[in-house]
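Undergrad: dropping a prediction and its sequence here:
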Amino acid sequence: MSDELTSYHCPECNTTVAVGRIYGLNMLCPFCMAFITIDPETGIQARKNNTITLDFRKTYGRDKLSIDDMHSNKKDCLNAKHSHYFTGVPCKHGHISPRTKRGDCHQCAIGDQKDRRIKLGNKVLSARSKASRKKNPELYQMQQREWKKNNPEKIKQYRKDQLKRDKEKRKKE
C-alpha cells in the first residue's frame, strides 16, 4: 500500500471534493449538489440528488451566513469566529445541513428543541425572550392584556382547572 494521497473529484462538476486515503464516504458535493459515493472497490460515483434541496438564500446563526458563505470545516469556522459551517456530509441521522460550531447538525438541533418544548408543554423560554421581557415589561403586559381579551374561554377553563387542582391538594392534606 502506498503512502501517496489521492485527490477525489466530483464526476459532475470536476471539482476536488476530498484528498487522502479514503476507504468509504458518502457526501454531497458543495458545488453542484450531486450525491457522491466513494468506495474503494467500485471507485467514485455520483448521481444528481433530487430529494435533497437546500435553500442557499436561508441564513444561519448570528452571523447570518448562507451556505455559500460558510466554511467547509470546523477549524476554519472557529478561526473566522463564525457560528456555522457546511461540510455536505450527512449527520448520523442522514440530514445534510449546516453544523453549529459545536459540531451539531442544524436539523437535529431544531428537532431537539421541538422535542424539549413538547415534553415541557411549551413552557420553555429562551434566554433571549426572558431578557426581552425584563427590558420591556410594559410591552409584555400589553401583550398579556391583549391575549386575555381575545381568549376569555381559555382563562375561564384554566381557572376551573386550577380550582379543581386546589381541591384535590386540600383533600390529600
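TA: That came through, no problem.
Undergrad: below-threshold pLDDT in the protein: ranges please.
TA: The chain contains residues with pLDDT under 70 at 1-5, 19-23, 25, 30-31, 33, 40-57, 113-128.
Undergrad: give me the longest helix you can find in this protein.
TA: helix 152-172 (DSSP state H).
Undergrad: residue contacts, residue 26?
TA: Residues near residue 26 by C-beta atoms under 8 Å, 6 or more residues apart in numbering: 35, 36, 37, 38, 89, 90. Where you see a C-beta, it was placed from the backbone N, CA and C, and this is true even at glycine.
Undergrad: go again with 10 Å.
TA: Residue 26 is in contact with 35, 36, 37, 38, 39, 89, 90, 94, 96, counting by C-beta atoms under 10 Å, 6 or more residues apart in numbering.
Undergrad: any idea how far residue 13 is from residue 71?
TA: The spacing between residue 13 and residue 71, counted by C-beta to C-beta, to the nearest Å, is 20 Å.
Undergrad: what of residue 9?
TA: Taking C-beta to C-beta, one finds residue 9 at 21 Å from residue 71.
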